[in-house]
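> Give me a 3D structure for the following:
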Amino acid sequence: MTDTWLTVKEVAQYLKLSTDLIYKLAQQGKIPASKVGTAWRFKREKIDQWMDANENRRKRRGSGQQ
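Numbers count the residues shown, from 1 in each chain. Alright, predicted model coming up:
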């Protein structure tokens, strides 16, 4: 399996979010990212894992309510 590196624009399109939000999340360390010079790069595999972890957290929080 080869790692696929994505740009901010590609991650935004992949997640259907704005590029501004992706920049903000990366700068705050809330999304897995690497900075190369002035450019942010994201491993698709890490983004998928991050999304899965956030999905599970929402399910756990919501399960005790109602």
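> Helices of the chain, start to end?
Shown for the chain, the helices assigned by DSSP state H span residues 8-15, 19-27, 44-63.
> For residue 17, see how far away the closest residue to residue 5 other than its chain neighbours is.
With Cβ to Cβ, 6 or more residues apart in numbering as the criterion, residue 5 has its nearest non-adjacent residue at 4.9 Å, and that residue is residue 41. (Glycine included, C-beta is placed from N, CA and C.) Distance, residue 41 to residue 17, using Cβ to Cβ, to the nearest Å: 17 Å.
> The residue nearest to residue 5 pairs with what?
In this structure, residue 41 bridges to residue 34 when assessed by DSSP bridges.
> now the protein, which segments are flagged as low pLDDT?
1-3, 56-66 (pLDDT under 70).
> Go again with 50.
1, 66 (pLDDT under 50).
> pretty sure residue 50 contacts residue 26?
No - applying Cβ atoms under 8 Å as the test, residue 50 and residue 26 come out as separate, 11.4 Å apart.
> Show me which parts of stretch 13-31 are buried, residue by residue.
By neighbour count with 16 or more other Cβ atoms under 10 Å, stretch 13-31 contains the buried residues 15, 22-23, 25-26, 31.
> Closest one to residue 37 out of the residues you listed, please.
Proximity of these to residue 37 (Cβ to Cβ) peaks at residue 26, which lies at 13.9 Å.
> Now do the contacts for the residue nearest to residue 26 when sequence neighbours are not counted.
Nearest non-adjacent residue to residue 26, counting by Cβ to Cβ, 6+ apart: residue 33, 4.2 Å away. Residues in contact with residue 33 (Cβ atoms under 8 Å, 6 or more residues apart in numbering) are 25-26, 40-42.
> just the residues you listed now: which is nearest residue 55?
For those, the nearest to residue 55 is residue 25 (15.8 Å; Cβ to Cβ).
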